[in-house]
Every structure is written in C-alpha cells, then in structure tokens.
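Enquirer: Sharing a model that was predicted from the sequence below.
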Amino acid sequence: MSTDAIVLLREDHKEIRKLFREFQNAGDDAHATKGRLVDKIIEALTVHTYIENECMYPEVRKLVPDLEDDILESYEEHHVADVLVMELATMKPEDERFTAKATVLIESVDHHIDEEEDNWFPKVREQLGRKQLQEIGARMLELREKAPRTPAAPAALKKAFDAMRA
C-alpha cells in the first residue's frame, strides 16, 4: 500500500464518489438504503476531512506557499460540508429535505474533489518530492486510526435541528 499522500487522498475520493453514486441510484422511495448510505458518507467524509485538515492542508500550506488561497478555500469548503453533515446526522431518511440536503452535500463535495485533483494536487506533486509526500501520507495514516467517525455537533445545534424537524 502506498503512503503517498496524494494517492491516499485520491483513494478516499474514489470511495466517497462510489458512495455518492450508490445514493443517487438508490431511487426515490429507498429511505432505508439512503439512510445507510448517508451514514457511510458521513463517516467517510468525517475521517477524510479530519486527515486533510489536521495534516495535509497545514503541511501544504507550509511547504507550498503559492497554494495558500487554494488551501483557505478548501478549509471553507470543508466547513460547508461539515455543516451539511451535522444536519444530515440529525435527520431521518424520511424527512422532507433529507434527499435534497444529501444532494447538495454531494454536489459540493464533488466540486471540491475536482478542484483538489485537477488544480492543486498536480501543483503539490510538482513542488514536493516523493519522500515528502510519503512522510505526509504516513502521518495521515496514523491520524486516520484516531480520526472521529461521526460529526461532533454541539448539543445545542442538535437540539435546534431536532426542534426544526418537530
């Protein structure tokens, strides 16, 4: 298994997009299936954004200063995804806006993945050597083991979402 940071993130992206396709193909009345898939999407995105936010982004920001704006935008895109993930985690698949909210999350994350893979991954690979990318990847693998698997929504936020659903 490669420890190249970019290879690891691309593998995550591939798995996340597979879950997205399964959700999109589940059908309008497949509430139970969609619920299970959203649970898997939430876990995959929570782990993925954690290792990017805690390792990849700070390292790239430090080592490739030309990508500062891209990294800051990526942090904000993660924030938007985190908000949607926290909201979805408080919802039931039967909720009126569940599928719509999951669709917006998918569209947002797809855009984010495209930007990373098409724009800044090539620049990172060009600027950092193989050894540096393997060292970053090794740290990411360590972080993955202790990464949260569910969003950490504050109790007040969960209570507010529950009140909206009632």
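Expert: Cool, got the structure.
Enquirer: Let's check: the centremost residue of this structure is which one?
Expert: Leu45 (3.3 Å; Cα atoms, centre = their mean).
Enquirer: ok, now which ones touch that one?
Expert: For Leu45, the contacting residues are 16, 81, 85, 105, 109, by Cβ atoms under 8 Å, 6 or more residues apart in numbering. Every residue, glycine included, has its C-beta placed from N, CA and C.
Enquirer: Name the SS class of it, please.
Expert: Of the three states, Leu45 takes helix according to DSSP: H, G, I helix; E, B strand; the rest coil.
Enquirer: now swap in Glu77 and tell me
Expert: helix.
Enquirer: Please identify which of the contacts of Leu45 is nearest to Phe98.
Expert: Leu105 (10.8 Å; Cβ to Cβ).
Enquirer: so how many other residues sit close to the closest one?
Expert: Per other Cβ atoms under 10 Å, the neighbour tally for Leu105 reads 23.
Enquirer: looking at it, it is touching Ile41, isn't it?
Expert: Yes. Contact criterion Cβ atoms under 8 Å: Leu105 and Ile41 qualify, at 7.5 Å.
Enquirer: Can you tell me which of the contacts of Leu45 lies closest to Leu143?
Expert: Among these, Ile16 lies closest to Leu143 (Cβ to Cβ), at 17.2 Å.
Enquirer: Now that closest one: closest residue in space, sequence neighbours ignored.
Expert: Excluding the flanking residues, the one nearest Ile16 by Cβ to Cβ, 6 or more residues apart in numbering is Ala44, at 5.2 Å.
Enquirer: May I have the phi/psi pair for Pro151?
Expert: phi -70, psi 150 (degrees, to the nearest 10).
Enquirer: I'm done for today, thanks for sticking with me.
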